[in-house]
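[1] Sequence first, then the predicted structure:
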Amino acid sequence: MAEVVDSVASTAISATPSYSVAHQIVELDVDFKGRRVSGKTEITLHPQSKDLKTITLSLRQCRIIRLTVNSKPVSRMQYIDPYTKTKLAGNTTAHQHHLLALKLANALKTPPDGEVAFDVPKSVHIDEVNSNVISSNQSNLLNHPNGDAPGSSLVDSAQALTDTSIARYTPLIISISFSIDDVRDGIHFVAHGTGAGRFPHAYTPRTNAPCSACCIFPCVDAVNARCTWVIKIGCPRTVGDALRGSATHEAINAGSGIEQSSLQPRSAHEEREMIVVCSGEHISRKEDQEDSSKVVTSFSCSVPLSAQQIAFAIGPFEEVKLSDFRVPEDDVGSNAVEVLGYCLPGRLEELRNTCLPTVRAIDFVTRKYVACPFATYRICFVDDLENDTAIAGAFTLCSNRLLYPADIIDVAEDVTRKLVHAIASQWVGINVVPQEPTDSWIVIGIAHYITEAYMRDLCGNNEYRFRMKQQADRVCEMDHNRPSLFDLGTMLQVDPAELEFMSLKASLVLFILDRRIAKVVGLPKMPAIISKILLRARKGELPGNALSTELFQRTCEKFYHSKIDDFLNQWVRGGGCPHFRAFQKFNKKKLVVEMMIRQVQGEHTNRDLEPDTFMRDVREDFHNIWAAPIQNVFTGPITIRVHEADGTPYEHVVEIREAQMRFEIPYNTKYKRLKRSRRQREKNFNAAAANADPSEAENDALLYCLGDVLQSEEEIKKWRISGWTPEDEEKMSSESYEWIRVDADFEWICKLELNMAGYMYASQLQQDRDVVAQLDAVQAISRFPASPLISSIFLRTVMDKRYFHRLRTSAAMAMVRQATPDTDYIGFWHLRKAFEELFCFSDTTSTVARPNDFSNIAAYQLQCGLILAISKIRDAKGIALPEAIEFLLDKLKFNNNDTNPFSDCFYISMLMQSLCEAICTHGKKDRHMDEMDLDVLDRRDRDRQLEKDSLEVIDRYRRMDEWAGSYQNLYSRTALDCQRRLSDSRIGRASTMHFLQYTRPGNYDMLRLTAFDNLILPKILQSPAVLRYTTFCMSSDPSPWIRRSLRRFFGKLLAVVAIGDHLKSSQVEITEDLVIENDADAGNQQAQAARKRAVDVAIAALKEEIGDNDDLKTSLWAAVSCDTLSLEELQAMLDFCRMLYEPVDSLKITIKYPRYWRLEHIGKGKLKFIRTNHVRTKPFIKWVPKALSPLTTKYDLLPPKSSGPKLLLKNPVPPPLLQPPPPQAPAASEVQSEPKRSLKIKISMPRPSAS
């Protein structure tokens, strides 16, 4: 074995190799019972120089058994395993978090350094290779595959493709044997022991963390290190073999040679075969030659992949051939991809239902863009997966949380979008990768763009544009003090929110770029641009299949016939979104519309910190991530559409070049608009109904195409509809245009304010067919002061079935603002009336809802939207109306789902949440009521009865879920949320133990997580036992999904305390009962405001409030010291410590003091030395023997001379030595065990650099 050098102080290993990876063979043996992995790998490297001396590989948590280069053992090797540095020596505390972070800095940086470095043996010579010889070998390998073994041609073709790569110098074959005895990362075992209640399986969770693949086998762990693969995985043959271990770990009957385990009876589930699902093409499945209880499954991948794109799963999976769901009209011929689905036993029907759209999605991408790079695509559903999907080459791991049966319709769209994104990523993300981390935006953006293109084909254009509008509004809210898309590519590992933001904005940037190209060329060109890039990758014209921003830009410019530098500089290399304020005025003399557009995105730069995003802000601050500079000017074309008096739209394209633009739009119509009055509209409506004048009816239908329901006198009176006043009608008749739309073609991601009159927005809502224009109108009208007229407009929108159903739901939510005391709560009356008309029995005297019928998805979503809107109505004091609570309680009590073919669990959950949200407002009521006022007492009794009934019905569904479980325990999860919120509002009482019982392992994971979510609140800091239990689960729970979610909850808890949101309730209670005359707490209020604006101030306040909590400090450091955490998890825990505790460079160490000894004579010349309990506190002086008398020399023996004086030579006598005082021997009863005393020593240590 080579010499191994492992030093903490050793220099970092270079991560820039001077070689390329051509081919890799991996052989793994997975032991379920011992949670161990062993194996070997052969890596074929092509040197780029004959002077290559050192090779660097990535490898973590492994023990290297043997390492050779071209079968020659290496002489010197350096292996720095970061998992050996995850603990600090000595009596450390949470204040030494910076020391541990310093030790792990090289392993946690991006990209990390390699862990294994070794020298090429001197006996291995690297020479130039004759290209003719290589060509001959290539042809032999490609034309004469070994056909003896099944699937051997795939292996040979993979090796042949490796050999066809240009090898200028002698290839090097690195062979490494290794084992993993303590798995902490890279592979997750589920239910690896007996009695776990779940089927044992294991898988490799692909995450955003760097170096995730090298935790399983040695490799070059980089996304651009792509090669062909042959993977062989050995595993137990059956479930019983996995639970009981292999034959090598079982006792063998010495007499008969029969395994003792085989003599034991097995249940039916233990006889299920273990199946391996892996990236690449399946080759063979053979029984292990040395152990009959094991099988070896082989896979080959001829498409070059990086180590990060290899994944596998092992378990008793059931297989479904999803390709059988392909319909003839979707057949793509020879480009068809075989799609296979895998799930754990018992969930086969859910798998079929969930994955039904996947085959159609693959065929859609194949027809629209280019053929799939893989011949087979596999989807496997497993437990405990951190993310909903983990995407690998030709293989996607999905969480079982995504599976749903056929009677569940609420999650179908979201789950389908996630599965389709995983499919689109096989083209862009797996086959095509970013050239540099800064180019990640284009790869992620194209994958999501393809996903939305399929969802548009599946759900329709209105759904697509409505979603794009909502996403654009969300990006405008999120893109505040954020890095640019270009810079964000290097920061995706900082926080999961970074990837979420990039996925959202990047696809929208491609969407608006496509809109601008289509404006010039005439047709959308983004599909053609994507097809061109994918075709180049398929033909091998894209080096390494790496896509750069520059290449994407050149491809776009070929279709656009113009430069897009300004566009990319603003939307990709720059940050933020524009905020337009537009002002318009009609000039009668010039017959033009004068308009001014100002950009004001730089005016509002400060925003309050939010608990949901606080941890992202903190981590960006820790990693020195700075926001992109604010762009005061965004440039580009913008389309302004003027709908003139005759209803004809006229488009005008204006180029925005400055922060403030003034321009004139020519007016085309020669006459003013004729605005009909309400009476005239009623007359025309009746005439159309009676077919009195078809031409007039046709003209009326042209002007009032939408929202023209409830027009008769009887309906107006029945529905309490208000119309335009004479003043409004006069203003409308004097206007010269119907309405104006800015950015009519949706070419901008922007926030727009247009000072247009309300009746113009009403015309836009009723006459514009674009769903984006209708949504803009609803949002604009809702910002006007509440009035019965606005409520009537929204009511007609809700009742008109020709509107898009999501727009009707948005109109219903907008009616909440119209339910005010000034309008006599007309909005609530309209909402309740609309619900009764659409979903209750037609009997006017009955308000009982009809039995549920969710066969019409649009009607079902509108039904949910009406209920949510009613739950948000409040009076002047912010309290829900008793009538609204009674309405919600009635619908929850008397819900009937007997005849409905679909499950109503999500509908029940929504009703419970709505009732809870309304009833929680009772906590704001004044507690000091007039006891002599009978009306007040009656109202209080009524409220108490409503609270009691609400608590009972919510708890009834919780108990019902225990007997007949709902989908994913949705009833119990919702009930727990409601009970906690009601308890916080002083309605009902829910103890900590009530939630704690649901956190036990063995319960459904989503139910456990909901219970933890309701436990991790600021009050947990005063419960040491619960705090210790929570932090223990945060580091030691078997499920990585639970652990990550608990860290997210804990981060939100720290955010609430840091920002000061936990102080709101107490402040509200004080101000309700007191009148503050002199503001003596002005300084405190300023401090509270400062901690909501600046991260550093919030962290300082957090340390001041809970930094001295010893229970939190001890339990949090114990969690950091857990030996099961991965490096990614450890970094998150260290971030918590960094937020809470100041770094301290002094350690408390324990020193063993010496003791005095006493001597005891036991007789017969024997002495017994006994150590006493008396501690020596003075320095011990080493014993030195006394000086001896001078020796007599031979000259002293001579006789003295007879004459002359005598000379005497004497040695000087040394002074007496200092002797320590004799110890006093204590009594025998005083002899005790050796105590330890602590001594504080301050040690100066280097401070870690900010990272």
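    Looks like it came in fine.

[2] What count of nearby residues applies to residue 835?
    Residue 835 has 23 neighbouring residues, counting by other Cβ atoms under 10 Å. For every residue, glycine as well, the C-beta is placed using N, CA and C.

[3] nearest spatial neighbour of it, skipping sequence neighbours?
    Distance criterion Cβ to Cβ, 6 or more residues apart in numbering; nearest residue to residue 835, sequence neighbours excluded, is residue 866 at 4.7 Å.

[4] Neighbours of the residue lying closest to residue 1107 once chain neighbours are set aside, how many?
    Among residues not flanking residue 1107 along the chain, residue 1140 sits closest, at 5.5 Å (Cβ to Cβ, 6+ apart). Residues near residue 1140, counting by other Cβ under 10 Å, number 24.

[5] try residue 437
    If you count neighbours by other Cβ under 10 Å, residue 437 ends up with 18.

[6] In contact with it: list those residues for me.
    By Cβ atoms under 8 Å, 6 or more residues apart in numbering, the contact set of residue 437 is 110, 489-490, 492.

[7] Just the buried ones from these, in PyMOL syntax?
    The PyMOL selection below is limited to those of the contacts of residue 437 classed as buried (16 or more other Cβ atoms under 10 Å):
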select buried, resi 489+490+492
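
[8] Max pairwise distance over the contacts of residue 437: which two?
    Largest separation among those by Cβ to Cβ: 110 and 489, giving 10.4 Å.

[9] one step back: the residue nearest to residue 1107 contacts residue 1101, correct?
    No: using Cβ atoms under 8 Å, residue 1140 is not in contact with residue 1101, being 11.6 Å away.

[10] Show me what counts as buried in stretch 717-724.
    Residues 719, 721-724 are the ones in stretch 717-724 that count as buried (16+ other Cβ under 10 Å).

[11] Save these as TSV, and put in secondary structure and distance to residue 892 too.
    TSV is the format used below for the buried residues of stretch 717-724 (DSSP: H, G, I helix; E, B strand; the rest coil; distance: Cβ to Cβ, whole Å):
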residue	secondary structure	distance to residue 892
719	coil	26
721	coil	30
722	coil	32
723	coil	36
724	coil	39
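
[12] farthest pair in those?
    Pairwise distances across those peak at 16.2 Å for 719 and 724 (criterion: Cβ to Cβ).

[13] For the stretch 1-150 of the chain, which residues score under the pLDDT cut-off?
    1-17, 131-150 (pLDDT under 70).

[14] show me where it has helices.
    Taking DSSP state H, counting those that start in this stretch as the criterion, the stretch 1-150 of the chain carries its helices at 97-103, 105-108, 131-143.

[15] Alpha carbons of the first one, as PDB, please.
    Presented in PDB, the C-alpha positions along helix 97-103 are these (Å, rounded to 0.1, in the frame of the first residue of the first chain):
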ATOM      1  CA  HIS A  97     -17.900  27.300  15.600                       C
ATOM      2  CA  HIS A  98     -15.400  29.300  13.500                       C
ATOM      3  CA  LEU A  99     -12.600  26.900  14.200                       C
ATOM      4  CA  LEU A 100     -14.600  24.000  12.800                       C
ATOM      5  CA  ALA A 101     -15.700  26.100   9.800                       C
ATOM      6  CA  LEU A 102     -12.000  26.900   9.200                       C
ATOM      7  CA  LYS A 103     -11.100  23.200   9.100                       C
END
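
[16] SS state for the spatially closest residue to residue 542 that is not a sequence neighbour?
    Residue nearest to residue 542 in three dimensions, not counting chain neighbours: residue 536, with 4.9 Å by Cβ to Cβ, 6+ apart. State at residue 536, reduced to three classes by DSSP: H, G, I helix; E, B strand; the rest coil: helix.

[17] quick one on the thing from earlier: distance to residue 561 and pLDDT for the buried residues of stretch 717-724 - can I get that in TSV?
    As requested, these are exported to TSV (distance: Cβ to Cβ, whole Å; pLDDT from 0 to 100):
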residue	distance to residue 561	pLDDT
719	55	94
721	53	94
722	53	93
723	52	90
724	49	90
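
[18] Name the nearest of those residues relative to residue 663.
    Out of the buried residues of stretch 717-724, the member with the shortest distance to residue 663 (by Cβ to Cβ) is residue 724, at 31.7 Å.

[19] you'd agree the closest one is up against residue 789?
    Yes: Residue 724 is in contact with residue 789 according to Cβ under 8 Å; the separation is 6.9 Å.

[20] Return the set of buried residues in stretch 1112-1131.
    Using 16+ other Cβ under 10 Å, the residues of stretch 1112-1131 that count as buried are 1112-1117, 1119-1122, 1125-1131.

[21] Convert that stretch to CSV, retaining C-alpha atoms only.
    Output in CSV follows, covering the C-alpha atoms of stretch 1112-1131 (Å, rounded to 0.1, in the frame of the first residue of the first chain):
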residue,chain,number,x,y,z
LEU,A,1112,-30.0,26.1,23.3
LYS,A,1113,-26.3,26.4,23.2
THR,A,1114,-25.6,23.0,24.6
SER,A,1115,-28.2,21.2,22.5
LEU,A,1116,-27.2,23.0,19.3
TRP,A,1117,-23.5,22.2,19.7
ALA,A,1118,-24.4,18.6,20.5
ALA,A,1119,-26.3,18.5,17.1
VAL,A,1120,-23.2,19.9,15.4
SER,A,1121,-21.1,17.2,16.9
CYS,A,1122,-23.4,14.4,15.6
ASP,A,1123,-21.4,11.9,13.6
THR,A,1124,-24.2,11.3,11.0
LEU,A,1125,-24.3,14.7,9.5
SER,A,1126,-23.3,15.3,5.9
LEU,A,1127,-21.0,18.3,5.1
GLU,A,1128,-24.0,20.2,3.7
GLU,A,1129,-26.0,19.7,6.9
LEU,A,1130,-23.0,20.5,9.1
GLN,A,1131,-22.6,23.8,7.2
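
[22] my read: residue 1174 touches residue 1155, true?
    Yes: with contact defined as Cβ under 8 Å, residue 1174 and residue 1155 form a contacting pair (6.4 Å).

[23] ok, so what distance separates residue 923 from residue 1062?
    To residue 1062, residue 923 is 16 Å away according to Cβ to Cβ, to the nearest Å.

[24] give me the number of residues near residue 848?
    When neighbours are counted by other Cβ under 10 Å, residue 848 comes out with 12.

[25] Model confidence for it, exactly?
    On the pLDDT scale, residue 848 is placed at 86.

[26] That one against residue 839, yeah?
    No: applying Cβ under 8 Å as the test, residue 848 and residue 839 come out as separate, 10.3 Å apart.

[27] Of all the helix elements in this protein, which one is longest?
    helix 934-963 (DSSP state H).

[28] Output the contacting helices and strands for that one.
    Packing partners of helix 934-963 (3 or more Cβ pairs under 8 Å, 6 or more residues apart in numbering; DSSP states H and E): helix 882-893, helix 905-919, helix 970-984.

[29] remind me which residues of the protein are low pLDDT?
    Ranges of the chain meeting pLDDT under 70: 1-17, 131-166, 192-196, 208-210, 246-266, 669-704, 844-846, 924-934, 1064-1083, 1187-1251.

[30] Tell me which residue is most central in it.
    Residue closest to the average C-alpha location in the chain (Cα atoms, centre = their mean): residue 496, at 4.5 Å.

[31] I'd like the distance from the nearest residue to residue 270 once chain neighbours are set aside to residue 273, if you could.
    Nearest residue to residue 270, sequence neighbours excluded (Cβ to Cβ, 6+ apart): residue 240, at 3.4 Å. Taking Cβ to Cβ as the measure, residue 240 falls 10 Å from residue 273.
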